[in-house]
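>>> for reference, the sequence and a predicted model appear below.
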Amino acid sequence: MPVLIAGAGTTGAVLALELAAHNVQSIVLDRGGGDGDQAGLEHLSGRSMELLRRLDLAGAIRRAGVDADEETDVVWSAGLERPPVFVARRPSVSQLVQRYATVNDGSAPVEHHQQISRRQLAQVLRAAMRAERRIDLRTGWACVGVRVGEDGAAVTAVDERTGVQHTIDARFVIGCDGPRSTVRRCVDVGVEAMAGQHMQYRAIEFRSKDLALHARGPGLTTIVVGDLTILSRPDRHLWVGHAPASLTGPVDQLRERLGATVEVLGVQDWDDTLPVAQVYRRGPVFLAGEAAHGFRPAGDTADTGIGDAVDLGWKLAATIRGWGGPALLDSYEAERRPRALMDRELLARGLETRLRFGRLAAAGAPQDYLAGFLRQEPAPGDDVGIGYGGRYAASPVVWPERGNPPGLQERRITPSTWPGGRPPAVRLADGGQLFDRLGLGLTLVDLTDDAEGSGLAAAAAARGVPVTHLPIADPAVRACWGRRLVLVRPDQHVAWRDDAVPDDWNAVLDRISGYKR
C-alpha cells in the first residue's frame, strides 16, 4: 500500500481525500469509529475553506455547518451582572459576502470562514471517504506499533472489535493520531513546549438555560467573564468553559464565576504548553495535525492541520507518481513546522490577553480602563490578512526572489504573486473564480499575449510532471498578478514567476519538484 494514515480525524481525512484526488490509494485507521464530539465546534478559516473547496467539500461543510447569517461576537465582561466592558464584533459570512460582492482587486477571498460542530464535520468527511474507492477506511482499527524498514514501514494494527492483530506494509506512514500519538512515540520524536511558565486549565462542557447567558447577544457568542471564557454552541443551551484549574469542583467553579444554574456534562484538564514536534519526519514516517502540534483545546481550530494535510498530500502524491524529487518531501517540515510555531504564538497571545483581562478585572480596574486595554489587542476579524497571507518564505521548493514582498510595512497583507504565498483571488469576466480554473497539479497562469508559456507543458510532459497551461486575458487578473507568467502549486501557493520565458524550463521544474536543493 502506498500510504497508511493512522487517524481519521479532520487532518487524516483531508489527507486521504487529497491523496485520492491525485489518484493515490491509502488505508486509514479509524480507531474511534464515531462521529466526533457533539459539543465541540470547529472554526474553519476562509483559507481552509478555499483548500477544501479544491476537494469539492466546501459546499457540504457549509450545508452542515452554522447558518451564514450567524454572527460570532466576543463579549468581555467583569461579571454577568454587569454591562459588557467591550464587544468585539465578528461579521457573519453573509455580511462578508455582501462586503466583498463588488471587490475584485485580488483582496476578496474565494471562501469565508465557517463554523461547524465537530460531529457534523466528521460526518461530512467520513461520508466523502466512504464514497472514495481509493480510500480503505478501517473503522475500529488502531495503530499500536510502527517499525521503520529499508523500503517503508510496517504498522501493527489491532481490530478492536475482534482483538485480532494485523501487520500492514506501507511505503509511507502518516501519524494523524492526536496529541498522544502512538506513531510519534514509536519513531521516538519528542515535542518542544512553549517557553515560559505554564498554567493548568480546565475545559468544562455544560448545559444552561440561564437567561443571563443568552442575553449577551445574538449568534454564537464567546463570553469572557474575568478569567473564565465560555463559548456557546449551536444548541444554544450547550456551552464550553475554559478557566484556570482550581481546587473546587467544576460545578462550584462555574457557579462561582457565572452565578448561573449549570449542568456539567464533561470535564477535561489541559495546559498551555502548546507542544510542537521536534521533527515532522523520520524516514518514511511523517507527523501531521495534532500529532505534530498539540494546540487543543486552546485553539479550537483545525486550520493548521488542514494546511498540513494539503501540503503533505500533494507532495506524497508527486513522489509516489514519480515526478517528485528527494527534496520535495523534506520541504514538508521546512514549510509546515514554522507555520505551526507562528500559529502557536498567536494562540499564546490570545491566552495571555484573557489572563491579563481576568487579573485586571479582579484588581478592580474600571470599565474604561479595561476597554482601553482590549482595544490595543488584536480583535477577531474577517480572516482577510494573516490567514490568506501565509507565505513559505524559505521553502526549498519555491523559486527565491530578491527583496521584500509588497505590503510588508502595511497593517494588512497585500495580495501578490510573490513566490511562496497565495496569489490574489480574482473573479473572471464570466463570473467564475480564477482559483477554480487551477489544476490539481502545477498550473502555469499565462498572461502573455501569445501564450508564450506553452513550452513548459512540453518540458513537463517529457518528465511526467502534471502541468496545466492556463492562458488568461482577463483584465482583472492582469491588473493585480504582477507578472506575465506565474507557476502555481497544487496547494495554491506560487512556486515561480517572471515576465519572460526562462532559458531552461527544466531548471525551474528541478527546483519546484524537489530535484535541486
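On my side now, so go ahead.
>>> following the least confident helix or strand in the chain by mean pLDDT, which helix or strand comes up?
The helix or strand of the chain with the lowest confidence, counting by mean pLDDT, DSSP states H and E, is helix 211-214 at a mean of 58. From helix 211-214 onward toward the C-terminus, using DSSP states H and E, the following helix or strand is strand 222-225.
>>> which other helices and strands contact that following strand?
For strand 222-225, the elements it packs on are strand 74-77, strand 228-232, helix 326-362, judged by 3 or more Cβ pairs under 8 Å, 6 or more residues apart in numbering; DSSP states H and E. (C-beta placed from N, C-alpha, C; glycine too.)
>>> what average pLDDT does the last one get?
Per-residue pLDDT values over helix 326-362 give a mean of 91.
>>> with the first one instead?
Averaged across strand 74-77, the pLDDT comes to 86.
>>> direction included, what does it pair up with?
Paired with strand 74-77 in the same sheet, following DSSP bridges, are strand 86-88 (antiparallel), strand 222-225 (parallel).
>>> which of these sits most buried?
strand 222-225 (a mean of 23; mean count of other Cβ atoms under 10 Å).
>>> so what touches it?
Residues from elsewhere that reach strand 222-225 (Cβ atoms under 8 Å, 6 or more residues apart in numbering): 72-80, 213, 216, 229-232, 257-258, 354, 357-358.
>>> can you check stretch 122-142 too?
Counting by Cβ under 8 Å, 6+ apart, 1, 8-10, 13-14, 16-17, 19-20, 23-31, 33-36, 55, 57, 60-61, 64, 116, 157-161, 166, 182 sit against stretch 122-142.
>>> so of those residues, which ones are in helices?
10, 13-14, 16-17, 19-20, 60-61, 64, 182 (DSSP state H).
>>> in CSV, list these along with pLDDT, neighbour count and distance to Leu96.
Formatted as CSV, the ones in helices among the contacts of stretch 122-142 follow (pLDDT from 0 to 100; neighbours: other Cβ atoms under 10 Å; distance: Cβ to Cβ, whole Å):
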residue, pLDDT, neighbour count, distance to Leu96
Thr10, 94, 25, 23
Ala13, 97, 27, 26
Val14, 98, 29, 23
Ala16, 98, 30, 30
Leu17, 98, 26, 26
Leu19, 98, 28, 31
Ala20, 98, 21, 31
Ala60, 97, 17, 20
Ile61, 97, 21, 16
Ala64, 94, 16, 19
Thr182, 96, 21, 40
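>>> from the residues you listed, which is closest to Lys315?
Set against Lys315, the nearest of the ones in helices among the contacts of stretch 122-142 by Cβ to Cβ is Leu19 (10.5 Å).
>>> what's the separation between the spatially most central residue of the chain and Trp76?
By Cα atoms, centre = their mean, the chain has its centre lying nearest to Asp303, at 1.6 Å. Counting by Cβ to Cβ, to the nearest Å, the separation of Asp303 from Trp76 is 24 Å.
>>> same deal with Ala457?
Distance from Ala457 to Trp76, by Cβ to Cβ: 55 Å.
>>> who has more neighbours, those two?
For Ala457 versus Trp76, the count of surrounding residues by other Cβ atoms under 10 Å is larger for Trp76: 24 against 17.
>>> residues touching that one, list them.
Going by Cβ under 8 Å, 6+ apart, the list of residues near Trp76 reads 84-88, 224, 357, 370, 374.
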